[in-house]
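Participant: From the sequence below, what's the structure:
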Amino acid sequence: MVQIGAAVQSALQALPRVVRNGPLMLSIGVPLALGQVVGLASLPAVFGWYIPKLRKPSWAPPAPIFGQTWAVLYGVMGTASYLVGKQVGWKSYPMGVYVAQLLL
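Facilitator: Predicted structure coming up:
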């Protein structure tokens with residue numbers, strides 16, 4: 001029999017857990033991925049007018065904080081969608097509205 005490393009064995013043992021958590025990973029991963037795409041698409045506009053030209057109040061947070069904040073918000077939004085989908089069903093009206101607003 002072929003000997004495989006301990007890391008490979010533990011990865012193979014964890015596979016059912018990853019598959020079992022697939023809907024949660026998708027629920028969090030999709031909003032994060034879409035947010036990343038939109039963020040990269042709007043990057044030229046942000047550096048073109050928002051950061052240098054817009055007069056912001058003195059209490060405005062620094063620009064690098066926004067990306068981190070959106071990532072946390074998208075992660076929480078994905079977790080909430082997972083909980084709603086698990087509770088009322090993935091093909092329910094609330095999930096349909098959620099997917100529609102993600103696509104907008």
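
Participant: any idea where the helices of the protein begin and end?
Facilitator: 6-20, 22-45, 51-53, 64-88, 93-103 (DSSP state H).

Participant: any low-confidence regions in the protein?
Facilitator: 1-5, 9, 11-12, 14-20, 50-51 (pLDDT under 70).

Participant: hmm, back to that, got the helices of the chain as TSV, with mean neighbour count columns?
Facilitator: For the C-beta atoms, the positions are set from N, CA and C on the backbone; glycine is no exception. Formatted as TSV, the helices of the chain follow (neighbours: other Cβ atoms under 10 Å):
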stretch	mean neighbour count
helix 6-20	10
helix 22-45	14
helix 51-53	8
helix 64-88	14
helix 93-103	12
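
Participant: so what's the most centrally placed residue in the chain up against?
Facilitator: In the chain, the residue lying closest to the centroid (Cα atoms, centre = their mean) is L32, at 2.2 Å. Taking Cβ atoms under 8 Å, 6 or more residues apart in numbering, we find L32 in contact with A71, Y74, G75, G78.

Participant: Make TSV from the residues you listed and add distance to P94 to it.
Facilitator: Shown next, in TSV, are the contacts of L32 (distance: Cβ to Cβ, whole Å):
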residue	distance to P94
A71	23
Y74	18
G75	19
G78	14
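
Participant: nearest to A6, of these?
Facilitator: Distance to A6 across the contacts of L32 (Cβ to Cβ) is lowest for G75, with 31.1 Å.

Participant: Spatially nearest residue to the closest one, not counting backbone neighbours?
Facilitator: Excluding its sequence neighbours, the residue lying closest to G75 (Cβ to Cβ, 6 or more residues apart in numbering) is I28, at 5.5 Å.

Participant: For the one you found, give me its contacts.
Facilitator: Contact partners of I28, counting by Cβ under 8 Å, 6+ apart, are Y74, G75, G78, T79, Y82.

Participant: Need the max-distance pair from those residues.
Facilitator: Most distant of those, by Cβ to Cβ, are Y74 and Y82, 12.7 Å apart.

Participant: end to end, how far does stretch 86-100 reach?
Facilitator: Start and end residues of stretch 86-100 are separated by 18 Å (Cα to Cα, to the nearest Å).
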